[in-house]
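Engineer: Structural data only, the sequence is not supplied:
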């Protein structure tokens, strides 16, 4: 079934009768043809495993054998199949119950049993999971660092004007006549950078729709830095933002942003443990490249352009 963020919930060891499910299960059979990515495990027990996903890591195999090896799902499955690893059990298969995009880093939880998967899917569907993201934006969501910020409600659905996987923010009434779904985000500015031309922002999600942070940031007029899907000026903005700085800073910021990709990080995840009901909260720091970009931009004076 679809999870709230638009991904598919898969048990990586179970073949589905659908073509996609068969492709997915077959792809998992190539587990050891490519070394799985290293896992940054934050917590693990018999029911769940919580990891800090790095930038560039794909969560699970996709359609038509895309990413048929080297995904996060492969890495978790490899962990359970290798003797000597904690909670090693050849009978369980990790289940992806939510997803982060390839270019997004941060905290994820995967289920290790059927019961845990059902409980976590229900928690995401009932919006009883806390999710906090940090993002580097062009412009600022408020006139100053704001402890309260704001809240945005829209529907999010496919952008019918674009021939791509791009999504769009739509009026709330769209839910009655289209496949768009309700989406709500709380947002606030954490730090103004480069004289306010960019900012570090926090998003707390009530829902988890596909590309929700990216769509809502663009809808608010402050697209994510480097997001050429939702910002047609993405390629030009970095140079403008640091134009007033030294050439060395311009070069380093551009290189770091190319290395990091989207500057979007799932910094916190909170949920009730599927067996005990105990509330659990996990946090992961922003990647080093992300922090370096923020530090360079914080020391850069305002460029001679108007913020978007």
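Structural biologist: Arrived safely. Just so you know, these numbers come straight off a predicted model, no measurement behind them.

Engineer: Excluding residues flanking it in the chain, which one is nearest residue 259?
Structural biologist: Computed as Cβ to Cβ, 6 or more residues apart in numbering, the closest residue to residue 259 that is not its neighbour in sequence is residue 289, at 5.3 Å. Bear in mind the C-beta positions are built from the backbone N, C-alpha and C, glycine included.

Engineer: next helix or strand past the least confident helix or strand in the chain by mean pLDDT?
Structural biologist: The helix or strand of the chain with the lowest confidence, counting by mean pLDDT, DSSP states H and E, is helix 19-28 at a mean of 46. The element immediately downstream of helix 19-28 (helix or strand, assigned by DSSP states H and E) is strand 41-44.

Engineer: next helix or strand past that next one?
Structural biologist: Using DSSP H and E, the first helix or strand after strand 41-44 is strand 48-53.

Engineer: so what strands line up beside that following strand?
Structural biologist: Strand 48-53 has the following strand partners under DSSP bridges: strand 41-44 (antiparallel), strand 105-111 (antiparallel).

Engineer: Can you give me the buried ones in the following helix or strand past it?
Structural biologist: Later in the chain than strand 48-53, the nearest helix or strand by DSSP H and E is helix 72-81. Judged by neighbour count (16 or more other Cβ atoms under 10 Å), helix 72-81 contains these buried residues: 72-80.

Engineer: okay, those residues in a markdown table with distance to residue 259 and pLDDT next?
Structural biologist: Converted to a markdown table, the buried residues of helix 72-81 look like this (distance: Cβ to Cβ, whole Å; pLDDT from 0 to 100):
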| residue | distance to residue 259 | pLDDT |
| --- | --- | --- |
| 72 | 19 | 89 |
| 73 | 24 | 86 |
| 74 | 23 | 83 |
| 75 | 21 | 87 |
| 76 | 25 | 87 |
| 77 | 28 | 82 |
| 78 | 26 | 79 |
| 79 | 27 | 80 |
| 80 | 31 | 71 |
